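Participant: I'd like to go over a predicted model; first the sequence, then the structure.
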Amino acid sequence: MSDVQEFLRDTVTQHPVVLFMKGTAQFPQCGFSGRAIQILKGCGVKKLITVNVLEDDEVRQGIKEFSNWPTIPQLYVSGEFIGGSDIMNEMNESGELKSLLDGSGATA
């Protein structure tokens with residue numbers, strides 16, 4: 001396993017909620033990443049780790065291989081890949097995302 005893949009695996013398993021995004025939670029660098037942050041804040045997430053993929057090309061490419069998902073942002077909850085902002089939006093509208101996040105302990 002490469003160092004990047006090991007970093008990715010460790011990051012998503014050691015934190016209840018991880019968002020790989022363009023930019024930071026305070027300053028998203030794309031609309032999709034900004035929307036993902038808004039959704040998570042709206043669900044009351046307090047324990048959130050974000051990884052700015054623009055700071056490291058290896059991480060940016062590596063996360064796409066790790067998840068087998070071509071786009072950023074990517075959300076992981078309790079070590080499980082959930083999806084991008086479109087899936088987050090659908091799950092948020094149905095209430096499924098809030099339940100999942102509450103179950104992870106990230107909203108406590």
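Facilitator: Okay, I see it.
Participant: skip the chain neighbours and tell me the closest residue to E58.
Facilitator: V4 (4.8 Å; Cβ to Cβ, 6 or more residues apart in numbering). All C-beta atoms are positioned from the backbone trio N, CA, C, and that covers glycine.
Participant: now that neighbour: which helix or strand?
Facilitator: helix 3-14 (DSSP states H and E).
Participant: show me which residues of that helix are buried.
Facilitator: For helix 3-14, burial by neighbour count (16 or more other Cβ atoms under 10 Å) applies to V4, F7, L8, T11, V12.
Participant: need the max-distance pair from those residues.
Facilitator: Using Cβ to Cβ, these span at most 12.8 Å, a distance reached by V4 and V12.
Participant: and the nearest residue to I82 once chain neighbours are set aside, bridged to which residues?
Facilitator: Of all residues not flanking I82 in the chain, L75 sits nearest, at 4.4 Å (Cβ to Cβ, 6+ apart). L75 has these beta-bridge partners by DSSP bridges: L19, G83.
Participant: I figured L75 was touching M91, is that so?
Facilitator: No - if you go by Cβ atoms under 8 Å, L75 and M91 don't touch, sitting 9.3 Å apart.
Participant: of these two, who's got more company?
Facilitator: Just comparing L75 and M91: by other Cβ atoms under 10 Å the higher neighbour count belongs to L75, 27 against 20.
Participant: next one: the residue nearest the centre of the chain relative to I87, how far apart?
Facilitator: For the chain, the residue nearest the mean C-alpha position is L19 (2.0 Å; Cα atoms, centre = their mean). Taking Cβ to Cβ, to the nearest Å as the measure, L19 falls 13 Å from I87.
Participant: okay, and the common contacts of the two?
Facilitator: Counting by Cβ atoms under 8 Å, 6 or more residues apart in numbering, the contacts common to L19 and I87 are L75.
Participant: counting contacts, what elements does the helix holding V4 pack onto?
Facilitator: If you count contacts as 3 or more Cβ pairs under 8 Å, 6 or more residues apart in numbering; DSSP states H and E, helix 3-14 packs onto helix 57-67.
Participant: what does the average pLDDT come to for the helix it packs on?
Facilitator: Regarding helix 57-67, the rounded mean pLDDT is 96.
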